[in-house]
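Trainee: here is my input; please provide its structure:
(one chain, ligands or ions: 1)
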Amino acid sequence: MKPHQDPMGAPAHGEQRTSSRNPTQRAGRVPAAQTGLDETALLPASVSTPRLLLRCWEPADVPAAARAIAASIEHLRPWLPWTSNEPLPEDERRALFKGWNHDRLQGGSAHYGIFLNGHVVGAIGLRRRGQPQEVEIGYWLHVDHTGNGYAREAAAAVTAMAVQRADVKTVIIRHDPDNLASRLIPEELGFTPLATPPTTDDDEADQFWYTTRETWRPPDAAERPPRQTS
Ligand SMILES: CC(C)(COP(=O)(O)OP(=O)(O)OC[C@H]1O[C@@H](n2cnc3c(N)ncnc32)[C@H](O)[C@@H]1OP(=O)(O)O)[C@@H](O)C(=O)NCCC(=O)NCCS
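Mentor: A predicted model of the protein is given here:
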């Protein structure tokens, strides 16, 4: 992915507790009514999974997010070009989060922190792409929280939410062809590989996968295929 691309759910981690207040009632939020958009036109502010809460980043999450990225930087750097801007000054990260929330309230993309028992364990984003009714999922986990299926669980929940929306037809996941850990997520979730990348896309070297309302089948943990060990 190229450096200018949306970081897709940037910051996260830490064994840092975040506020337990209702995420949809935090200070600083602009009610959807003020944007002239109906709530149903917006991607949701939060999504729950069996183990995780995915919720939009708040300014109060900035310290935990910064710690997560700092601790994971070598793990993230090979795959996420935005890491070249790290460490981001605190005020810039706060402005980034505010901008993301503003964007969502205008009907745009959603950037969620992935929280486990109030701790940041990663991030996942749902970006509205250039094509109409197409959204792209991006994700990363804190280095200490890989190997637990969190990214797969979060991606499954976001996909399930997205394909139910009237304004979404196609859900895309893309990754560097060398990024096996990332590739396993769409593969195991039953996404279909796109043989030819979208010609309008800005990085044709990436491997693309997609699913639609018609083809999406929620995963059953019991069906999870065994991984190659070598
Ligand atoms: C890509 C990335 C999010 C994948 O993380 P991950 O932890 O390997 O992925 P998952 O959350 O799906 O977890 C799968 C692992 O959890 C294990 N696991 C444990 N419990 C599980 C469960 N209930 N369900 C599924 N997997 C489970 C699996 O065996 C697997 O472990 P393995 O890799 O040792 O075989 C992570 O490597 C990362 O953050 N990479 C850097 C950033 C990046 O590349 N982002 C994507 C850019 S396109």
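Trainee: name the nearest residue to Pro44, ignoring sequence neighbours.
Mentor: Taking Cβ to Cβ, 6 or more residues apart in numbering as the measure, Pro44 lies nearest to Met161, with 6.6 Å between them; neighbours along the chain are not counted. To be clear about C-beta, it is placed using only N, CA and C from the backbone, and glycine gets the same treatment.
Trainee: tell me the SS of that neighbour?
Mentor: Judged by DSSP: H, G, I helix; E, B strand; the rest coil, the three-state class of Met161 is helix.
Trainee: can you check Glu187 too?
Mentor: helix.
Trainee: for it, which non-adjacent residue is spatially closest?
Mentor: Of all residues apart from its sequence neighbours, Trp209 sits closest to Glu187 (Cβ to Cβ, 6+ apart), at 7.4 Å.
Trainee: list the contacts for that neighbour?
Mentor: Residues counted as contacts of Trp209 (Cβ atoms under 8 Å, 6 or more residues apart in numbering) are 172-174, 186-187, 191-194.
Trainee: buried among these? Make that a PyMOL selection.
Mentor: Provided next is the PyMOL selection string for whichever of those are buried by 16 or more other Cβ atoms under 10 Å:
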select buried, resi 172+173+174+186+187+191+194
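Trainee: can you list the residues of the protein near the ligand?
Mentor: Along the chain, the residues adjacent to the ligand under the rule Cβ under 6 Å from any ligand atom are 75-76, 79-80, 139-141, 146-152, 175, 179, 181-182, 185, 221, 224, 227.
Trainee: rewinding a little: now the two most distant members of the contacts of Trp209.
Mentor: Every pair in the contacts of Trp209 was compared (Cβ to Cβ); the two farthest apart turn out to be Ile172 and Glu187, at 14.0 Å.
Trainee: low-confidence ranges, the protein, go.
Mentor: Across the chain, the ranges flagged by pLDDT under 70 are 1-36, 130, 198-204, 221-230.
Trainee: quick check: longest strand in it by residues?
Mentor: When the chain is scanned for its longest strand (criterion: DSSP state E), the result is strand 119-128.
Trainee: C-terminal to that one, what's the next element?
Mentor: From strand 119-128 onward toward the C-terminus, using DSSP states H and E, the following helix or strand is strand 134-141.
Trainee: returning to that earlier point: which other helices and strands contact the longest strand of the chain?
Mentor: Taking 3 or more Cβ pairs under 8 Å, 6 or more residues apart in numbering; DSSP states H and E as the contact definition, the neighbouring helices and strands of strand 119-128 are helix 62-76, strand 110-116, strand 134-141, helix 150-163.
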